[in-house]
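Undergrad: Sequence and predicted structure, then a few things I'm wondering about:
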Amino acid sequence: MDVDNKYIGMNEMKKRIAVAFILPCSLMCHSLYAEEDHGLKSPPPPPPPAPNFVPNGFYVTASAGTSYLEKQRSIADEAYNGTGIVSYDWGFNAGVSLGKQVDLWRFEVQMTYLYNDMDKVFDIDQGNQQQGVWYGFNVLRDFPISKHWIPYAGFGVGGITINSSFGALSEWSDPTDDTSGFVSNEDSSDSAFAYQATVGIAYQPIPEMRLLAEVRHIGSSQFNNWTQNSNKLESYYQSTLFNLGLTYYFDGVPKHKPTPPPPPADHALFYLSLSGGASYLEEQIATSENGVAGVKTTFDTGYNVGGSIGIKYNNWRTELQFTYLSDEMDKVDDIAQGNKVSGNWYGLNLLHDFPMGSAWIPYAGLGVGLIDMETKYDGSVYMQTASGSEMVSLDNKTDTSVAYQGIVGVGFQATESMRIFGEYRHLRAPEMKSTVLTNTDGYEYDLKTAYQNNLFNIGMSYTFGM
């Protein structure tokens, strides 16, 4: 029994020694065989890490959007000599920043133009506009969550200069004792300390470019916003901005070869486009049918925002377009008064692209459709006459008219699906109803005018199915 066990143990030990010697040899031979390219391949190396899309270097940012200016309650800066309250329509803003990125931190100087139409003064539909400039220094922090998406937040300090225009007179009414009257106004301009908080998210399609959407809140210390009956009234500025923008990095990132335009597709592709920018509404001369009554109106720079949905086939595009337009009146009969002209354009456009063999693609087109415009004059305005001036009634009027537009622009093909563009559009309606004028003798006149607006826009389009 002892001999058998000893024999079995020796055999088991020999087997283990053989396995321990043969297994490493076979693995070594397999490796050498694979290296001689006999059809057996080593596992592929792991893919390189995703590139870092948070660059370092100088950059410039352009942004624009809509703004909500909070109601301003004003009171004289000394013994009671006046008080007031002003509410505002939604306005617009546009600005630029120049900064430097250091890892996840950004340091920038910024300037923003701000504009809001007055909605009501003393709770009465009247007033003109408030506009100004924010200039400040911002510190922002990026929080990358993926290769392309980068939320961020920041804070800024600086100053703000505000110009307020109420028109020559503002009406007030006190229902508690059934009294009413007018106060005289002067345009006011003042500067104050200001601050802002910023939150947003950026999409970085290529290393040197970012598309951003952000919310900014600007607040100020006390400033003079109204000169009423020669008394200065003070208030605070609080505005919330909702913006879209574009950032370009000059250095600190790998140079990116621009994406060439995709070859013409042999089938139709759908696309969606968003755009916005400034508008310049040309002077309107509204007259009655017999020409015996009329009024001339000039305008400040306004804004527009809209979208299109279309079909692209080869180098042709057909699209349905909607645009909201708003333009504040500057003067009515050469007197600072009036309110605004605002409304919508609905149209069908036909456009043609002109590829140049690069990422830059000029284009041009025509459109036809309808405009639906409301003209607001604040009820009563002063008009120039041979004997001086007189107050007449101008009713608010809404009218729909056939309109057409011409379009020229240039696009930058950032990716196969995404295009960033800048364009000019001239929108015209040959004739539309403007207002009903009632003179001091009680005679009424229907006034008509031509509508001609020049739009300077930037935007982005996305093509589906590329």
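TA: Structure's in. What do you need? Just so it is clear, the structure is predicted and the values come from calculations on it, not from any experiment. Numbers count the residues shown, from 1 in each chain.

Undergrad: neighbouring contacts of stretch 172-188?
TA: Contact partners of stretch 172-188, identified using Cβ atoms under 8 Å, 6 or more residues apart in numbering, comprise 82, 84, 122-124, 162-171, 224-230, 232, 336. No exception for glycine: its C-beta is placed from N, CA and C like everyone else's.

Undergrad: one more time with 7 Å
TA: Stretch 172-188 is touched from outside by 122, 124, 163-171, 224-229, with contacts defined as Cβ atoms under 7 Å, 6 or more residues apart in numbering.

Undergrad: Out of those, which end up buried?
TA: Restricting the contacts of stretch 172-188 to buried positions leaves 122, 164-167, 170-171, 224-228, with burial counted as 16 or more other Cβ atoms under 10 Å.

Undergrad: what helix or strand is the residue nearest the centre of the chain on?
TA: Of all residues in the chain, the one closest to the mean position by Cα atoms, centre = their mean is residue 65, 2.9 Å from it. Using DSSP states H and E, residue 65 maps to strand 57-69.

Undergrad: Okay, buried residues for that strand please.
TA: Buried residues in strand 57-69 (16+ other Cβ under 10 Å): 59, 61, 63-67, 69.

Undergrad: Over to stretch 193-202?
TA: Of the residues in stretch 193-202, 194-196, 198, 200, 202 count as buried by neighbour count, 16+ other Cβ under 10 Å.

Undergrad: got the CA positions of it in CSV?
TA: Output in CSV follows, covering the C-alpha atoms of stretch 193-202 (Å, rounded to 0.1, in the frame of the first residue of the first chain):
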residue,chain,number,x,y,z
PHE,A,193,-22.7,101.3,-10.1
ALA,A,194,-24.0,97.9,-11.4
TYR,A,195,-23.5,94.2,-11.0
GLN,A,196,-24.7,91.1,-12.7
ALA,A,197,-25.0,87.3,-12.3
THR,A,198,-24.7,84.9,-15.2
VAL,A,199,-25.7,81.2,-15.8
GLY,A,200,-25.6,79.5,-19.1
ILE,A,201,-24.7,76.4,-21.1
ALA,A,202,-22.4,76.2,-24.2
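
Undergrad: Run through who's touching that stretch.
TA: Residues contacting stretch 193-202 (Cβ under 7 Å, 6+ apart): 134, 136, 138, 140, 149-160, 210-221.

Undergrad: State the distance from the closest residue to residue 111 other than its chain neighbours to residue 160.
TA: Closest residue in space to residue 111, ignoring its immediate chain neighbours: residue 135 at 4.9 Å, by Cβ to Cβ, 6 or more residues apart in numbering. With distances taken as Cβ to Cβ, to the nearest Å, residue 135 is found 8 Å from residue 160.

Undergrad: residues shared between the contacts of those two?
TA: With Cβ under 7 Å, 6+ apart applied, the contact sets of residue 135 and residue 160 do not overlap.

Undergrad: which of these two has more neighbours?
TA: Under the criterion of other Cβ atoms under 10 Å, the comparison of residue 135 against residue 160 puts residue 160 first, with 25 against 16.

Undergrad: Check which element follows the helix or strand the more buried one falls within along the chain.
TA: Residue 160 is part of strand 149-165 when elements are defined by DSSP H and E. Sequence-wise, the next helix or strand beyond strand 149-165 is strand 169-174, with elements assigned using DSSP H and E.

Undergrad: so how far is that next one off the chain centroid?
TA: Per Cα atoms, centre = their mean, to the nearest Å, the displacement of strand 169-174 from the mean C-alpha position of its chain is 35 Å.

Undergrad: what is residue 121 paired to in the beta sheet?
TA: For residue 121, the residues forming beta bridges with it (DSSP bridges) are residue 86, residue 124.

Undergrad: Can you report how many residues neighbour it?
TA: Neighbour count of residue 121, defined by other Cβ under 10 Å: 23.

Undergrad: Same check on residue 428?
TA: The local packing count at residue 428 equals 15, with neighbours defined by other Cβ under 10 Å.

Undergrad: so it, which of the three states?
TA: Classification of residue 428 using DSSP: H, G, I helix; E, B strand; the rest coil returns strand.

Undergrad: swap in the one 4 residues further on?
TA: Assigned with three-state DSSP, residue 432 falls in the strand class.

Undergrad: Excluding sequence neighbours, find me the nearest residue to it.
TA: Distance criterion Cβ to Cβ, 6+ apart; nearest residue to residue 432, sequence neighbours excluded, is residue 401 at 4.0 Å.

Undergrad: which parts of the helix or strand containing the one you found are buried?
TA: For residue 401, the element it lies in under DSSP H and E is strand 397-413. Of the residues in strand 397-413, 397, 399, 401, 403, 405, 407, 409, 411-413 count as buried by neighbour count, 16+ other Cβ under 10 Å.

Undergrad: Keeping just the C-alphas, turn that strand into CSV.
TA: Extracted in CSV, the C-alpha atoms of strand 397-413 (Å, rounded to 0.1, in the frame of the first residue of the first chain):
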residue,chain,number,x,y,z
LYS,A,397,-54.5,100.7,-35.4
THR,A,398,-53.9,97.1,-36.4
ASP,A,399,-53.8,96.1,-40.1
THR,A,400,-52.8,93.1,-42.2
SER,A,401,-51.2,93.7,-45.6
VAL,A,402,-49.5,91.8,-48.4
ALA,A,403,-45.7,92.2,-48.1
TYR,A,404,-42.5,90.9,-49.8
GLN,A,405,-38.8,90.7,-49.0
GLY,A,406,-35.4,90.4,-50.5
ILE,A,407,-32.6,88.4,-48.7
VAL,A,408,-28.8,88.2,-49.1
GLY,A,409,-26.5,86.5,-46.6
VAL,A,410,-23.5,84.2,-46.0
GLY,A,411,-23.4,81.0,-44.0
PHE,A,412,-20.5,79.2,-42.3
GLN,A,413,-20.9,75.4,-42.3
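
Undergrad: in this structure, which spans are helices?
TA: For the chain, the helices identified by DSSP state H occupy 2-35, in order along the chain.

Undergrad: I'd like to know which helix or strand in it has the lowest mean pLDDT.
TA: Of all regular secondary-structure elements in the chain, judged by mean pLDDT, DSSP states H and E, the least confident is helix 2-35 with a mean of 50.

Undergrad: that older thread, looking at the buried residues of stretch 193-202, which are in strands?
TA: 194-196, 198, 200, 202 (DSSP state E).

Undergrad: Need those in TSV (columns: distance to residue 319 and pLDDT).
TA: Compiled in TSV, those are given as follows (distance: Cβ to Cβ, whole Å; pLDDT from 0 to 100):
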residue	distance to residue 319	pLDDT
194	40	93
195	42	92
196	36	95
198	33	94
200	29	94
202	27	94
